[in-house]
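*Asks:* generate a structure from the sequence data that follows.
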Amino acid sequence: SSSSANSSLNGRGPGSLCSTPPGSPAAASGNTKASDAIQSQLQQKGGLKRARTSDDDERKNRLLERKRRNRESAERSRQRKLQYYKQLEEDNATLKKENEALKAKCASLASSTPAKSSLHAASASGTACAKSA
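*Replies:* Have a look, this model is predicted:
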């Protein structure tokens, strides 16, 4: 049972966090500097996962909260855009009706004026009736 005594002395028992395999030279010699160097290299390469901490949970919660707020903001932006286009369509319809009414009024005024000289004077002065025709 010298191997179990050796593993407990070197800290390489069943629950050990060391990444050095039991049969390697670093494990046999108990060289902690070599095993620390190997662990450091593995951590840099992403080989070892670090334990989850409350900082990780906070970071994840902040990320989820930011995503939620961003989703809500995007929805509000889409609603504002729809409202804006709806208002533009209503304004367009109103202006088209007003334009048709003014064209009709201009046409009735033009037909009710018998003298061509007054029409010529109106078009020379740049009135709306002369421009819409």
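
*Asks:* going forward, measure contacts between C-alpha atoms and count neighbours the same way
*Replies:* Noted.

*Asks:* residue boundaries of the helices in this structure?
*Replies:* Taking DSSP state H as the criterion, the chain contains helices spanning 2-10, 25-29, 32-45, 54-112, 116-125, 128-132.

*Asks:* worst average pLDDT in those helices?
*Replies:* Here the helices of the chain differ in mean pLDDT, and the lowest is helix 2-10 at a mean of 48.

*Asks:* what is the neighbour count of N61?
*Replies:* N61 sits with 12 neighbouring residues when counted by other CA atoms under 10 Å.

*Asks:* how close does it get to D55?
*Replies:* When CA to CA, to the nearest Å is applied, the distance between N61 and D55 equals 10 Å.

*Asks:* same deal with S73?
*Replies:* The gap separating S73 from D55 is 27 Å, by CA to CA.

*Asks:* and the two? Which one has more around it.
*Replies:* Neighbour totals were compared for S73 and D55, and S73 leads with 12 against 9 (other CA under 10 Å).

*Asks:* could you check how far that one is from S35?
*Replies:* Taking CA to CA as the measure, S73 and S35 are separated by 50 Å.

*Asks:* what of L109?
*Replies:* Summarising the geometry, the distance separating L109 from S35, computed by CA to CA, is 101 Å.
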